[in-house]
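model this:
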Amino acid sequence: MVGKHLRVVEKAQKASRTLPKDAVIAEVSRHIRFNAAVLDTFDVKGCKPLHYDLLVLCAAIEFADRRWKRPATWRRTLNVTVPVIDLKAWQRPEVTKSLLSVLNHLTGDMWRFAFVQAKNLSPIGSRQMLLDFGTTKTFAVAYSDGLDSRAVSALSGDEDQALCIRVAGNRQSRKKGDSYFTRIPFKVDGYRSTESSFRSRGFQFAAITAIAAQLSNVERIVVPESGQGALGPVLLPLHNIYVDYRNHPTFFRKMERFIKALQGYRVWFEQPRLWSTKGQTLSAFLDLPGRTERELTGTRSCWQTRRVVNVDGRKQCGLCAACLLRRLSLHTAGINEAPDIYVVSDLAAPEVGKALSAISQKADWDIMVEYGSVGTRHLQHLADMAGLPADALRVHASQIATATGESHEETLKKLRTMLVTHAGEWRAFLSAQGEQSFLKSWLDGGRYGRFE
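Predicted coordinates:
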């Protein structure tokens, strides 16, 4: 069989001799390690075998996705064998079909799965720690330190009714309103990570959120992402890179079908801010009674994890696409942040070298210029789409309409309105930086400064 091969085995189990010579083995408890204490944070009536199987599958998918580097053509063929407790459920045609549909769409790869009977029927131990969570929850939301999740969880209903799920890779302090899954309950390691795209992260987060929703008898899962973040990566894919569907309605419809086929439980991934800009979402949050700017300025949006942000304590870089969208949106909502929270704080500087003066390492400097210039142009190109003729937007509107169930014309109208709003916000933000801002030189074709 062509492609890459991953075989997940149980603890102390020997791999089959019939495996291809180049197959990689991932052993549960060695390469895929579960943390029972984390599982206990959401274990209401005991994790069902099918839930555990899904967690093992998520870990196996992460292992394969990050283990093998993508070719120039992007697509890989990934063959994964996973031991499962509820084998009959995983062998149902509708489960296999919907699993392949969602993963192939999300990652751009060709996935193939083989499920085998697990011998250990209680791999996470016997735990019946009944927890009292008080108020009945009416919706779940994947909760992070970002602006959208903070604002949208409050906009979606009473906080006491929200099942706020933190799906982080590392341990984080519990914030107000947090519920189960204080972090991902497994860790994948013991391999050399050669691929950074990790598109399957979207599947992992959606699956874990769906498990917690079912355990709490919740059907609504609120996706916090606003319009620019949810639709922008699909409207403007990077050159030679597969379209990023992680927050797009087409992905969530496929994910819903998979969850229904596997668990027999219907969830709905709701996107209440799909047609709003992030700036509009933050403004709506501030209009709620008792809400303050401090609740938003205390969030974190930065993608950077390198040492570039570890300047006088961990800061946000201020220049990656996520930081630029954050700063644009806070400006739109009329919120002023303390400049010292960003490594690159002065966006009005006429030369990028002056703005990046706090960064001493050339490699970090180059990366920040690359991230910043690409992010700036992305936000500009998204604004430019507001002026495109209807025919240029119809293919996107048709795809979204099919996934949301709205009419094509209504979807096209909403898409246009969101893009026009973004364009106005972006122009105002650039104007606030002044005519000499290095951001404008990047939009004029420069990369390192006004006089490149």
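
what about the chain, any weak spots by pLDDT?
Across the chain, residues meeting the criterion (pLDDT under 70) sit at 1, 15-17, 35-47, 122-135, 159, 167-184, 190-193, 304-314, 445-452.

and the residue lying closest to Leu236 once chain neighbours are set aside, what element?
By the measure of C-beta to C-beta, 6 or more residues apart in numbering, the closest residue to Leu236 outside its immediate chain neighbours is His381, 5.4 Å from it. Where you see a C-beta, it was placed from the backbone N, CA and C, and this is true even at glycine. His381 is located in helix 362-384, with elements delineated by DSSP states H and E.

which parts of the chain belong to which domain?
Each structural domain of the chain that the record assigns through automatic domain parsing is listed here as a residue range: 4-120+132-184+199-270, 292-443.

export these as TSV, with columns for mean neighbour count and distance to Thr281.
Shown next, in TSV, are the domains of the chain (neighbours: other C-beta atoms under 10 Å; distance: least, C-beta to C-beta, whole Å):
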stretch	mean neighbour count	distance to Thr281
domain 4-120+132-184+199-270	19	5
domain 292-443	18	8
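
show me the contacts for the residue nearest the centre of the chain.
With the centre of the chain defined as its mean C-alpha position, the nearest residue by C-alpha atoms, centre = their mean is Gly202, 5.3 Å away. Each residue near Gly202 by C-beta atoms under 8 Å, 6 or more residues apart in numbering is listed here: Leu106, Tyr245, Arg246, Asn247, Phe251.

touching, the first one and Phe198? I think so.
No - counting by C-beta atoms under 8 Å, Leu106 sits too far from Phe198 to count as a contact (11.0 Å).

residues making contact with stretch 94-106?
Residues lying outside stretch 94-106 but in contact with it, judged by C-beta under 8 Å, 6+ apart, are 61, 89-90, 109-113, 199-200, 202-203, 245-246, 250-251, 254-255, 257-258, 261-262.

so which of those sit within helices?
Taking DSSP state H as the definition of helices, those contribute 61, 89-90, 202-203, 250-251, 254-255, 257-258, 261-262.

columns distance to Ser153 on top of these, output as TSV?
Formatted as TSV, the ones in helices among the contacts of stretch 94-106 follow (distance: C-beta to C-beta, whole Å):
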residue	distance to Ser153
Ile61	27
Ala89	32
Trp90	33
Gly202	19
Phe203	22
Thr250	24
Phe251	21
Lys254	24
Met255	20
Arg257	26
Phe258	25
Ala261	28
Leu262	27
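
for the residues you listed, which one is nearest Ala338?
The nearest member of the ones in helices among the contacts of stretch 94-106 to Ala338, counting by C-beta to C-beta, is Gly202 at 32.5 Å.

distance of that closest one from Gly318?
Relative to Gly318, Gly202 is positioned 26 Å away (C-beta to C-beta, to the nearest Å).

so how far is the longest helix along the chain from its chain's centroid?
Among the segments of the chain that qualify as a helix by DSSP H, the longest is helix 408-433. The chain centroid and the centroid of helix 408-433 are separated by 23 Å under C-alpha atoms, centre = their mean, to the nearest Å.

tell me what angle it forms with helix 249-263.
Per axes from the mean of the first three to the mean of the last three C-alpha atoms, to 10 degrees, the angle that helix 408-433 makes with helix 249-263 is 120 degrees.

now the angle from helix 408-433 to helix 362-384?
Angle of helix 408-433 versus helix 362-384, following the same axes, to 10 degrees, is 130 degrees.
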